[in-house]
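**Q** One predicted model, sequence on top.
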2 protein chains.
Amino acid sequence: MHSLETTILTIGQQARIASRALAQLSHDARNHILLAMAEEMDGSQTEILEANARDVEAGRERGLSEAMIDRLTLTEARLQSLAQDIRDVAALPSPVGETIREWTRPNGMRIVKRRTPIGVIGIIYESRPNVTSDAAVLCIKTGNAVILRGGSEAIHSNQALASALQRGGNRAGLPENSVQLIPTTDREAVRLLAEMDAFVDLIVPRGGRSLIETVVRYARMPVIKHYHGVCIAYVDKDADFSMAQSIVLNGKTQRPGVCNALESLLVHKDIAAEFLPALAEHLREAGVELRGDAATQKILAPHVRAATEEDWSTEYLSLILAIRVVDDLDAAIAHIEKYGSHHSDVIITAHSETAERFLREIDSATVYWNASTRFSDGGEFGFGAEIGISTDKLHARGPMALEELTTYKYVIYGDGQIRS
Amino acid sequence: MHSLETTILTIGQQARIASRALAQLSHDARNHILLAMAEEMDGSQTEILEANARDVEAGRERGLSEAMIDRLTLTEARLQSLAQDIRDVAALPSPVGETIREWTRPNGMRIVKRRTPIGVIGIIYESRPNVTSDAAVLCIKTGNAVILRGGSEAIHSNQALASALQRGGNRAGLPENSVQLIPTTDREAVRLLAEMDAFVDLIVPRGGRSLIETVVRYARMPVIKHYHGVCIAYVDKDADFSMAQSIVLNGKTQRPGVCNALESLLVHKDIAAEFLPALAEHLREAGVELRGDAATQKILAPHVRAATEEDWSTEYLSLILAIRVVDDLDAAIAHIEKYGSHHSDVIITAHSETAERFLREIDSATVYWNASTRFSDGGEFGFGAEIGISTDKLHARGPMALEELTTYKYVIYGDGQIRS
């Protein structure tokens, strides 16, 4: 067998064994392990920063953009914050073992639907080395073994981080091979991992479209995708203008590079001429480029260039906003269903029937009435942690946290019942 | 574009449109549609039975086994029972729209996690034409559009059943194309359907391993598999012998051809010599062939042939039982984790600590203490209906019913909140 195949297969087998041991630990034992990981993270700062410096230097040589270099760079402060994140996760309640539902059948059999770890989770990610720690910690918290596969730009940082987590964890009783980092950045490893459904129960790809596409093409196990967000705001004719302005500005400008930022704005035709000019001025002041349909161009001329068909479904991740004037709620819903990515969408209106129709008919992971789409986030939802924001519909939809890293089993208590 | 591609693509697009309309109907409207479907099923008996007779005749000509012919055959009584099943589903409460959880954030934002339809579900199945009705009805009940793809042996029956359901439904306001049957049994259609993630949110394959493998290989959307069941019973040294005997007999002989029937038996070494002979006699009386490890052969000689390594992981689906004597609970757990299929497993013991360890450590969809594995069934669980028994871990595990045909979205009520 090809040696890469052997490597990946061994990692998978080891992870399966680790997952069984890990699932049997108590909450206290798992939290104790997490605290030891945080401690080791603190103690290994020099080593991690040295490894990171090698990656950053290599990145500069390869001509990575400043934004990429920034994502790649670890500092003492960032490492301290990572260690603190681990302690915060240790302090969270664990969903594992929870009784989801419990009932007794007429024949006396008691059925308990109980939350359990998933088993082995593969996390495939790019550039940001902090994912190494974040993902491993959330998996261990929920009793899952994890196989990490980071990007080549961060290979030394990832190795140093994973080593620190393993060292700390092992000292506190973490079953061997509970946290494994694939030691190569060969793309072929992604395919081999994705095909290994005997040992991997779930893959979560976190990265660009091409990475996710590769995983989806090969994966034989469930994949929870974290695709892009084309988030859209609809300002209804019954909107409070100042609230609408504030929600649109927040959605577009507070952090434009993330998936829950706004990309398009729909405005009801009855208020467009009154609402848009003041908003546009604020947006331009914030450096936002506007692209509009004919009606918007007419109202805001000469400050708007024409939006193309492509604009409506583009995730800019930068200070650009596409604006369209729509006839009514139906047109807004039709636009969002056609062009949106079903991530997070918002209606601003004072009219509750209009809002309820929007909330009901928009088929997105998160639908807002009068609040910023920027709240689509595990932390902001109060989950205490986040593995990402799922754009899939099954198992995990929207912000994905500890509970979404678990499954369940049915535990049945009988006293001799047989089926007749 | 190739015409089959166009056909499948059109079916997908139509299903997506239908699913949006279907999701907006009230429970009453959906139930009214189901009752009209049942009525039309009753009224179309002649037509359906004629179509079925063509399939049965073709099946005989092609030399299908009697068991296959029986699975394929519809009768007046079976059709009446299908129509009654539809009425029963109409009478069930619907999980759609249910609030799963609801909370308010410190900033005043109210978050409601609400159950919604999944969207478009593809069901790929073999031989039994009743799946056409069962699957369509459960999907409509939960507000999902369905694309059906039955086997070639039942093509006329499936078409007649789907037509009746469509006719009845449409008369009662079912959105057009909510129930579509792929009009060809070309295998290529399965691949095209599985690749169409833009329009299909979930595929449920119900059939043999080769069908499931094909779907898994191509699918770009979630697949919930209904694989085989290698269900295993462990009779502990502290078992009540008569209870153990009754549970093993029931698991093996009550209906051997189904996935929740027993395939293997593990017996604690301390009681094997005392327990096995009486059990073996009852099993042999019921026509069960026994295959055993060396210890079992010694106890039951000459009535047991040697079990091979392959026997331990075989789903016989017939009157054969593999028996092994194990040293202790650890050995039993290790055997089940290695050879079982994580479907349904049972321990028979009077000792609660032993039982709790088994229930905790066996990672199967359903784990039993002192009850027959034959209860792994949506109806027996009290779900009122069943789309199948999932052998997957995510979204649906074990008996899969109405709730598992739904997903959720987060609905957020604000009064102008923005993120700082």
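**A** Arrived safely, thanks for sending. The structure presented is a predicted model; accordingly, all values stated were derived computationally and were not measured. Numbers count the residues shown, from 1 in each chain, chains lettered A, B, ... in the order given.

**Q** So A:Ala219 versus A:His228, what's the distance?
**A** 19 Å (C-beta to C-beta, to the nearest Å). Heads up, the C-betas are built off the backbone N, CA and C, glycines and all.

**Q** who has more neighbours, the two?
**A** Ranked by neighbour count (other C-beta atoms under 10 Å in any protein chain shown), A:Ala219 and A:His228 place A:Ala219 first, with 24 against 17.

**Q** so A:Leu262 sits right up against A:Leu321, yeah?
**A** Yes: with contacts counted by C-beta atoms under 8 Å, A:Leu262 reaches A:Leu321, the gap being 6.8 Å.

**Q** what do those two both touch?
**A** Jointly contacting A:Leu262 and A:Leu321 under the rule C-beta atoms under 8 Å, 6 or more residues apart in numbering or on different chains are A:Val248, A:Lys252.

**Q** Show me what the helix or strand harbouring A:Leu359 is packed up against.
**A** Using DSSP states H and E, A:Leu359 sits within helix A:352-361. Packed against helix A:352-361 by the contact rule (3 or more C-beta pairs under 8 Å, 6 or more residues apart in numbering or on different chains; DSSP states H and E) you find helix A:329-339, strand A:344-348, strand A:366-371.

**Q** in that helix, what counts as buried?
**A** The neighbour-count criterion (16 or more other C-beta atoms under 10 Å in any protein chain shown) identifies A:Thr354, A:Ala355, A:Arg357, A:Phe358, A:Leu359, A:Arg360, A:Glu361 as the buried residues of helix A:352-361.

**Q** What are the contacting residues of it?
**A** Residues from elsewhere that reach helix A:352-361 (C-beta under 8 Å, 6+ apart): A:234, A:236, A:238, A:329, A:332-333, A:347, A:349, A:367, A:369-370, B:20, B:24, B:411.

**Q** let's go with 6 Å and repeat that
**A** Helix A:352-361 is contacted from outside by A:Asp236, A:Leu329, A:Ile333, A:Ile347, A:Thr349, A:Val367, A:Trp369, B:Val411, using C-beta atoms under 6 Å, 6 or more residues apart in numbering or on different chains.

**Q** try stretch A:340-350
**A** Taking C-beta under 6 Å, 6+ apart as the rule, stretch A:340-350 contacts A:228-236, A:238-240, A:244, A:247, A:260, A:336, A:355, A:358, A:362, A:364-370, A:373, A:376, A:391.

**Q** now swap in stretch A:286-301 and tell me
**A** Here stretch A:286-301 has contacts from A:252-253, A:272-273, A:276, A:280, A:304-305, A:307, A:311, A:319-325, using C-beta under 6 Å, 6+ apart.

**Q** And the buried ones among those residues, selectable in ChimeraX?
**A** Per 16+ other C-beta under 10 Å, the buried members of those correspond to this ChimeraX selection:
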select /A:252,253,272,276,280,304,307,311,319,320,321,322,323,324,325
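
**Q** Give me the subset of the contacts of stretch A:286-301 that also touch chain B.
**A** When contact is defined as C-beta under 6 Å from any C-beta of the partner chain, the contacts of stretch A:286-301 do not meet chain B at all.

**Q** Sort out which of the contacts of stretch A:286-301 are in helices and list them.
**A** In this view, the contacts of stretch A:286-301 that belong to helices under DSSP state H are A:Lys252, A:Thr253, A:Ala272, A:Ala273, A:Leu276, A:Ala280.

**Q** Could you check how far the last one is from B:Thr214?
**A** Spatial separation of A:Ala280 from B:Thr214 under the definition C-beta to C-beta is 54 Å.

**Q** what bridges to whichever residue of the stretch 251-400 of chain A sits closest to chain B?
**A** Here the stretch 251-400 of chain A gets closest to chain B at one residue, A:Ala371, 2.7 Å apart by C-beta to the nearest C-beta. Per DSSP bridges, the residues bridged to A:Ala371 are B:Gln417.

**Q** Pull up the per-residue confidence for it.
**A** Per-residue pLDDT puts A:Ala371 at 98.

**Q** wait, isn't it in contact with B:Gly416?
**A** No: under the criterion of C-beta atoms under 6 Å, A:Ala371 is not in contact with B:Gly416, lying 7.2 Å apart.

**Q** More neighbours: which of those two?
**A** A direct count of neighbours by other C-beta under 10 Å for A:Ala371 and B:Gly416 places A:Ala371 higher, at 27 against 16.

**Q** residues in contact with the lengthiest helix in chain A?
**A** Criterion DSSP H: the longest helix present in chain A is helix A:3-23. Contact with helix A:3-23 is made by A:117, A:119-120, A:143, A:145, A:147, A:175, A:177-178, A:180, A:188-189, A:192-193, A:196, A:199, as judged by C-beta under 6 Å, 6+ apart.

**Q** same thing with stretch A:377-388?
**A** Under C-beta under 6 Å, 6+ apart, the answer for stretch A:377-388 is A:Val89, A:Leu92, A:Leu138, A:Arg206, A:His226, A:Pro399, A:Met400, A:Ala401.

**Q** Redo the residues you listed as JSON lines? Include secondary structure, pLDDT and distance to A:Leu290.
**A** Converted to JSON lines, the contacts of stretch A:377-388 look like this (DSSP: H, G, I helix; E, B strand; the rest coil; pLDDT from 0 to 100; distance: C-beta to C-beta, whole Å):
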{"residue": "A:Val89", "secondary structure": "helix", "pLDDT": "96", "distance to A:Leu290": "41"}
{"residue": "A:Leu92", "secondary structure": "coil", "pLDDT": "96", "distance to A:Leu290": "42"}
{"residue": "A:Leu138", "secondary structure": "helix", "pLDDT": "97", "distance to A:Leu290": "39"}
{"residue": "A:Arg206", "secondary structure": "strand", "pLDDT": "88", "distance to A:Leu290": "31"}
{"residue": "A:His226", "secondary structure": "coil", "pLDDT": "86", "distance to A:Leu290": "28"}
{"residue": "A:Pro399", "secondary structure": "strand", "pLDDT": "96", "distance to A:Leu290": "30"}
{"residue": "A:Met400", "secondary structure": "strand", "pLDDT": "95", "distance to A:Leu290": "33"}
{"residue": "A:Ala401", "secondary structure": "coil", "pLDDT": "94", "distance to A:Leu290": "36"}
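
**Q** between those residues, which is nearest chain B?
**A** The nearest member of the contacts of stretch A:377-388 to chain B, counting by C-beta to the nearest C-beta, is A:Pro399 at 7.7 Å.

**Q** That closest one bridge partners, please.
**A** Bridge pairing for A:Pro399 - DSSP bridges - gives A:Ile389.

**Q** hang on, isn't it packed against A:Ile389?
**A** Yes: A:Pro399 is within contact range of A:Ile389, at 5.5 Å (criterion: C-beta under 6 Å).

**Q** and the two? which has more neighbours close in?
**A** A:Pro399 (27 against 24).

**Q** Give me the nearest residue to A:Asn31, chain neighbours excluded.
**A** Nearest non-adjacent residue to A:Asn31, counting by C-beta to C-beta, 6 or more residues apart in numbering or on different chains: A:Ala90, 4.5 Å away.
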